[in-house]
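> Predicted model follows, preceded by the sequence.
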Amino acid sequence: MVKLPIVAYPEKILKQKAEEVLKTTPEIKKLIPQMMRAMYEHEGIGLAAPQVGISKKIIIVETSDNPRANKGKSLAFLNPVIKKKVGKSITEEEGCLSLPGISVPVRRSESVELVCQTPEGEDVRIVAKGLTARIFQHEIDHLNGKLIIDRIPLWKRLSVKRLLKSKERTSPLAN
């Protein structure tokens with residue numbers, strides 16, 4: 001199985017809208033377990049295809065009751081679209097595999113209703129709550145070219161971007 005690298009900010013693919021998956025091809029079927037493996041290897045609880053350099057509307061969502069502790073219930077979804085946000089919005093710290101070492105407060109709906117397809121091509125409607133709803137919203141943002149730093153005030157975003165650039169300059173890979 002091919003090991004997928006995580007694409008890091010400021011790569012352009014992270015700011016672009018992903019392409020719709022029109023058909024579940026053999027390549028897509030091979031990609032999904034590779035994405036799941038990459039997510040777990042990098043200790044994530046969700047992953048979007050653009051984060052591994054692929055502009056397709058595919059997300060992986062860890063769906064266990066306690067995803068940070070009980071890894072192993074991840075599911076793949078194609079072309080997810082949030083139809084309805086329900087309940088109040090809650091602000092919590094979020095990190096992102098594509099922004100290593102960065103955590104920012106992000107306001108999200110506590111519950112979402114969405115439509116998508118399974119890898120088998122079945123249309124499904126999902127109601128997600130709590131952390132699972134947050135994961136869906138975060139990963140769908142990736143499909144729309146949005147990062148967690150796009151959801152914070154401009155002054156804080158500029159500060160985070162400066163921090164990321166200084167990390168980039170001091171990285172052993174940069175030399």
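Right, received. Where do you want to start? As the structure is a computational prediction, the values presented were derived from the model and not from experiment. Numbers count the residues shown, from 1 in each chain.
> which residues touch the residue nearest the centre of the chain?
Centroid-nearest residue in the chain: residue 139, 3.0 Å away (criterion: Cα atoms, centre = their mean). Residue 139 sits next to 46, 47, 48, 59, 60, 61, 80 when contact means Cβ atoms under 8 Å, 6 or more residues apart in numbering. Using the backbone N, CA and C atoms, a C-beta is placed for each residue, glycine as well.
> Narrow the residues you listed to those in strands?
Judged by DSSP state E, the contacts of residue 139 include 46, 47, 48, 59, 60, 61, 80 as members of strands.
> Please enumerate the strands of the protein.
46-48, 58-62, 74-95, 103-117, 123-129.
> Please tell me how far the longest one is from the chain's geometric centre.
What that stands for is strand 74-95. From the chain centre to the centre of strand 74-95 is a distance of 10 Å (Cα atoms, centre = their mean, to the nearest Å).
> cool, and stretch 25-41?
That offset, for stretch 25-41, works out to 14 Å (Cα atoms, centre = their mean).
> Show the average pLDDT along that stretch.
Averaged over stretch 25-41, pLDDT sits at 95.
> where does the chain have low pLDDT?
Within the chain, the stretches with pLDDT under 70 are 1, 65-72, 168-175.
> Quickly list what residue 113 is bridged to.
Beta bridges link residue 113 to residue 84, residue 127, judged by DSSP bridges.
> Surely it and residue 87 touch.
No - the pair residue 113 / residue 87 is not scored as a contact, 10.9 Å apart, by Cβ atoms under 8 Å.
> Pick out whichever of these two has more residues nearby.
residue 113 (15 against 11; other Cβ atoms under 10 Å).
> list the contacts for that one?
Residue 113 neighbours (Cβ under 8 Å, 6+ apart): 82, 83, 84, 86, 125, 126, 127.
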